[in-house]
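Peer 1: Here is the input, now give the coordinates:
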Amino acid sequence: MQVGLLICGGMRGETQAAKFLFDATKAEMAGSADWVIDADSHNINVTSGNGSGRVMSSNSYDSNPQRYPNPLQGGVTSSTTETYWQGALSSWAVDLVQAGHQVETLPYNGKITFGDSTNAQDLSNYDVFVLVEPNILFSAAEKTALISYVKSGGGLLMVADHGHLTGGTGSDRNNDGEDSVDVLNDLMTNTVQNNPFGVSFNGNEVSGTYSYLNTSSSDPLIRGAAGTVNNIDFNNGSNITINTSQNASVTMAIWSSSSRSASTGLVAYGSFGVGRFVAFGDSSTFDDGTGDPGDTLYNSYNLTSYGNSKVILNASFWLAQKPPHVATGTATNVGTNSATVSGVVNPNGLNTTAKFLYGTTTNYGGVTNVSGTLTGTNATNVSVGLTGLAAGTTYHYTLVATNAAGSTQGADLVFSTLAPPPTVTTGLATNVGTNNATVGGLVNPNGLSTTAKFLYGTTTNYGSVMNVSGTLSGTNATNVSVGLTGLSTGTTYHYALVATNSAGSAQGADQSFTTWTALQAWRQQWFGTTSNSGSAADTYVSSGDGLSNLMKYALGLNPLVFNSNPITFSLSGNSLTMTVPRSSSSTGITYFLESTEDLTGVWSSSSVVIDLNTPTLLKGHDINPANGTSRRFMRLRVTQP
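Peer 2: Predicted coordinates for the structure are as follows:
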């Protein structure tokens, strides 16, 4: 099928080429009726007991419409008249073909099915099914097929006539006790949904010209492609009652009284599922006055003083228009804050726009439009990217497509954005010592099972790892820490916190600390600070013995206790010898044994020979002799970097 320009007797409207199937299985040609589009033969007898009809050797005079009208509809032009075919509905059928549509008949021995692949005229092959005054009750299977057809997207045009429900004479053409009012009302009782259309035919007798029209500017039957309807002519038709509690969409197009009461309507329409229906209360409106020569027919369809043909064609075109077919597809490329949602849209021959609704509930709230306009009659893949989504959150989404025939919403589907990798903050180091430190930080697992570790080393390449014990969970920031041992004294270390879960890894900022030197540890021990200041300063004398803090550190002494003569001197021959006790833990100190001949002169370590150098003792002698004419002095000098 393709989108075309509808041209019908000078009337234009945008629609798609549709296939109309006219039913002839329910005695529509019985008695004086001839509700067919064309019949080359008039050789069946439709009477009570004969079902929808049969060919008989005698008394066979009813129309026997074939599947395809003859001549072929390919020969119809803009100037073709109704006499091209023979049937009371031929004028309507010619108008439809001139508008670019196709028409067929379901013959008297055809089958009404939906979804039966063995039936060449299964309803699934048609866009609109026409029932003009059916006179035989539908079977349960046929009712299920008809209602399912509309629910799945088909168009159904139902036409009744006067009935006997309110005392009228009825229109039982084949004398089986059931007329079109009975048949169509019985259709509403089915296994799919009772009264799915919210329509019932009253079965009374209504005649006259009626102009009580729906005043909505968008009413498709009153203001459609075939033109604006001013009135309609009824001849012994039936009123229609609509019930919006049974079908909220059902709408009256034309009423039979100025009060516009729902119980006195003539023409109604609505939707069910993704399909549409139209109900007329009178068949004479459709009669073009030609057909079976054995019947008495009246021209009403072509009378220009009435809007009969306009409302019928508007109804036909509206039924032929199809809302888009939509299927919501799966989500792909789902990330922590984004996803791609997709689906399939068949525009059904009308310009169509599409959009995706999405949100954390089925109320959605978010909308992203599909770019451009969709056209044609083939299914088209569509997709949009959603961004700015919350991490670790379930989202609902659905595809909605809209064209001139209406909107269709696909199924609701869901996806869940990925939870984010952990959130990590490297903290400050604490409990820093000469060979140890505690490093810490914060980890938010963001709802996923998470492990953490600290990288550390003397450069930002790190090189060493210390794992945080256990597994972290939840959505709150958690304090973590590890103790580092075996570190080098007086060394700067870099460290960073790393956490990992199924969504990925995150590494905190690089931080650093410097382990204490032995001297800093000594200061902390005796003065409660590592700072080289105040009473803990290297040059400070704490106990009045003349020994600075640095000297006492070098000698392994308590700085707070007075010490006398920690260093000893002796003469070996004429050589002055100096013996210095020291602590093996007093690292980072350089010891100098120096001598001079004059306390005001130059001190030199080159004049001293070291005799003993162990972690706990340093001993050396002056190479210059001390005698009565030469004095010698020795001292200890210590330094730290």
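
Peer 1: Going along the chain, name the helices of the stretch 1-150 of the chain.
Peer 2: Secondary structure of the stretch 1-150 of the chain, counting by DSSP state H, counting those that start in this stretch: helices at 90-98, 140-151.

Peer 1: In a markdown table, list those along with mean pLDDT.
Peer 2: As requested, those are exported to a markdown table (pLDDT from 0 to 100):
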| stretch | mean pLDDT |
| --- | --- |
| helix 90-98 | 97 |
| helix 140-151 | 97 |
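
Peer 1: Highest mean neighbour count out of those helices?
Peer 2: Neighbour counts averaged per stretch over the helices of the stretch 1-150 of the chain are highest for helix 90-98, at a mean of 25; criterion: mean count of other Cβ atoms under 10 Å. All C-beta atoms are positioned from the backbone trio N, CA, C, and that covers glycine.

Peer 1: Domain ranges for the protein, per the record?
Peer 2: According to automatic domain parsing, the chain is divided into the following domains: 3-320, 325-416, 423-514, 534-639.

Peer 1: how about those domains in a markdown table, adding distance to residue 523?
Peer 2: Listed next are these as a markdown table, based on distance: least, Cβ to Cβ, whole Å:
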| stretch | distance to residue 523 |
| --- | --- |
| domain 3-320 | 86 |
| domain 325-416 | 50 |
| domain 423-514 | 12 |
| domain 534-639 | 5 |
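
Peer 1: picking up where we left off before, redo the helices of the stretch 1-150 of the chain as CSV? Include distance to residue 183.
Peer 2: Compiled in CSV, these are given as follows (distance: least, Cβ to Cβ, whole Å):
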stretch, distance to residue 183
helix 90-98, 21
helix 140-151, 10
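
Peer 1: is it true that residue 497 touches residue 424?
Peer 2: Yes - under the criterion of Cβ atoms under 8 Å, residue 497 is in contact with residue 424, at a separation of 5.3 Å.

Peer 1: Could you check which of the two is surrounded by more residues?
Peer 2: residue 497 (27 against 23; other Cβ atoms under 10 Å).

Peer 1: could you point out where the stretch 151-300 of the chain is predicted with low confidence?
Peer 2: For the stretch 151-300 of the chain, the stretches with pLDDT under 70 are 166-169.

Peer 1: hey, where'd the strands end up in it?
Peer 2: Using DSSP state E, counting those that start in this stretch, the strands assigned to the stretch 151-300 of the chain run over residues 155-159, 199-201, 206-210, 212-213, 223-224, 227-228, 232-237, 240-242, 251-255, 265-272, 275-280.

Peer 1: right, so those strands: which one is the most enclosed?
Peer 2: The highest mean neighbour count among the strands of the stretch 151-300 of the chain, using mean count of other Cβ under 10 Å, belongs to strand 275-280: a mean of 28.

Peer 1: in its sheet, what does that strand sit against?
Peer 2: For strand 275-280, the paired strands and their directions (DSSP bridges) are strand 155-159 (parallel), strand 265-272 (antiparallel).

Peer 1: With distance to residue 397 as extra columns, can I get the strands of the stretch 151-300 of the chain in CSV?
Peer 2: What follows is those, written out as CSV (distance: least, Cβ to Cβ, whole Å):
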stretch, distance to residue 397
strand 155-159, 30
strand 199-201, 35
strand 206-210, 47
strand 212-213, 41
strand 223-224, 35
strand 227-228, 41
strand 232-237, 45
strand 240-242, 35
strand 251-255, 31
strand 265-272, 24
strand 275-280, 25
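
Peer 1: Quick check: which of the ones you listed is nearest to residue 493?
Peer 2: In terms of Cβ to Cβ, the element of the strands of the stretch 151-300 of the chain nearest to residue 493 is strand 265-272, at 74.3 Å.

Peer 1: Let's see the closest one as CSV, backbone CA atoms only.
Peer 2: The C-alpha trace of strand 265-272 is given here as CSV (Å, rounded to 0.1, in the frame of the first residue of the first chain):
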residue,chain,number,x,y,z
GLY,A,265,-28.7,9.2,17.6
LEU,A,266,-28.5,8.0,14.0
VAL,A,267,-24.8,7.6,13.3
ALA,A,268,-22.0,6.8,15.9
TYR,A,269,-18.4,6.0,15.8
GLY,A,270,-15.4,5.1,18.0
SER,A,271,-12.4,2.9,18.5
PHE,A,272,-11.8,-0.4,20.2
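
Peer 1: quick one: it to strand 232-237, angle?
Peer 2: Taking axes from the mean of the first three to the mean of the last three Cα atoms, to 10 degrees, one finds strand 265-272 and strand 232-237 inclined to each other by 100 degrees.

Peer 1: can you give me the angle strand 265-272 makes with helix 140-151?
Peer 2: 80 degrees.

Peer 1: where are the low-confidence patches of the chain?
Peer 2: Within the chain, the set of residues satisfying pLDDT under 70 comprises 1-16, 47-59, 166-169.

Peer 1: Could you tell me how many residues sit around residue 388?
Peer 2: When neighbours are counted by other Cβ under 10 Å, residue 388 registers 7.

Peer 1: how about it, what does it touch?
Peer 2: 337-338 (Cβ atoms under 8 Å, 6 or more residues apart in numbering).

Peer 1: How much space separates the closest residue to residue 233 other than its chain neighbours from residue 219?
Peer 2: If the residues on either side of it in the chain are set aside, residue 233 comes closest to residue 306, at 4.3 Å by Cβ to Cβ, 6 or more residues apart in numbering. In this structure, residue 306 lies at 18 Å from residue 219, with Cβ to Cβ, to the nearest Å as the measure.
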